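In: Sequence below, structure please.
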Amino acid sequence: MKPGGNILKKFVLVLNQNYRPLSVTKVKRAIMLIYLEKADIVEEYGFSIHSPSCELPAPSIVKLRSFIHFKMPAIPLSKKNIIKRDRHTCQYCGAKSTPVTVDHIIPKTMGGKDSWENLVCACISCNNKKGNRTLEQAGLTLLSKPRRPQFFFILQHFYTLPDKRWRRYLFLNK
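Out: Sure thing, here's the model as predicted:
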């Protein structure tokens, strides 16, 4: 990393004492946690931060020494988040390159709710084919069962992971 670069602004994954992801911070804040003996380095970026009196490896992942009780926030149910969860892929035919919308598996007129488990990404063609019918009535099947995404979904979709080693701690490895 070049001297004078924005190395103190690089992202650092913060893990709870039990290694569960807790938040994302910047190198500058992570170094303060390490200096104050509140966190330990789990993974390093491969370059060091220098001060007049010491040198410290730049952390990529830190683990807190004390357990923090924290309830993960719920991900808001929205058309945008349904499409991201389903990776812009029609859950009926698997099409990826066409415009997509959101479809109710059980139509609202039949008691279907707006929920993570009842909404899927669908291409216009499949959405029109299904219409206001159930999967069975339309002769369609789902490629995967829709689920409420975990909090790590936000990290996966809103941050470009700066270090591939984060994937293991965010449960993103397949």
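
In: Please tell me how far residue 160 sits from residue 66.
Out: 30 Å (CB to CB, to the nearest Å). Placement of C-beta: from N, CA and C, glycine included.

In: Same check on residue 105?
Out: Residue 105 is 43 Å from residue 66, by CB to CB.

In: more crowded one of these two?
Out: residue 105 (20 against 8; other CB atoms under 10 Å).

In: Return the residues in contact with that one.
Out: Residues counted as contacts of residue 105 (CB atoms under 8 Å, 6 or more residues apart in numbering) are 112, 118-120, 134-135, 142, 146.

In: measure it to residue 72 for me?
Out: 26 Å.

In: tell me which helix or strand of the protein sits lowest on mean pLDDT?
Out: helix 152-158 (a mean of 64; mean pLDDT, DSSP states H and E).

In: next helix or strand past that one?
Out: Next helix or strand after helix 152-158 toward the C-terminus (DSSP states H and E): helix 166-169.

In: Give me the buried positions along that following helix.
Out: Neighbour-count burial for helix 166-169, counted by 16 or more other CB atoms under 10 Å, picks out 166, 169.

In: What's the end-to-end length of stretch 29-49?
Out: Taking CA to CA, to the nearest Å, stretch 29-49 runs 13 Å from one end to the other.

In: Check stretch 86-103 too.
Out: 12 Å.

In: Same question for it: list its buried residues.
Out: 86, 89-92, 95, 100-103.

In: Would you format these as CSV with secondary structure included?
Out: Shown next, in CSV, are the buried residues of stretch 86-103 (DSSP: H, G, I helix; E, B strand; the rest coil):
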residue, secondary structure
86, coil
89, coil
90, coil
91, coil
92, coil
95, coil
100, strand
101, strand
102, strand
103, strand
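
In: Dump these to CSV, plus distance to residue 6 and pLDDT.
Out: Formatted as CSV, the buried residues of stretch 86-103 follow (distance: CB to CB, whole Å; pLDDT from 0 to 100):
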residue, distance to residue 6, pLDDT
86, 34, 93
89, 35, 96
90, 40, 97
91, 40, 98
92, 44, 97
95, 40, 95
100, 36, 94
101, 39, 95
102, 38, 97
103, 43, 97
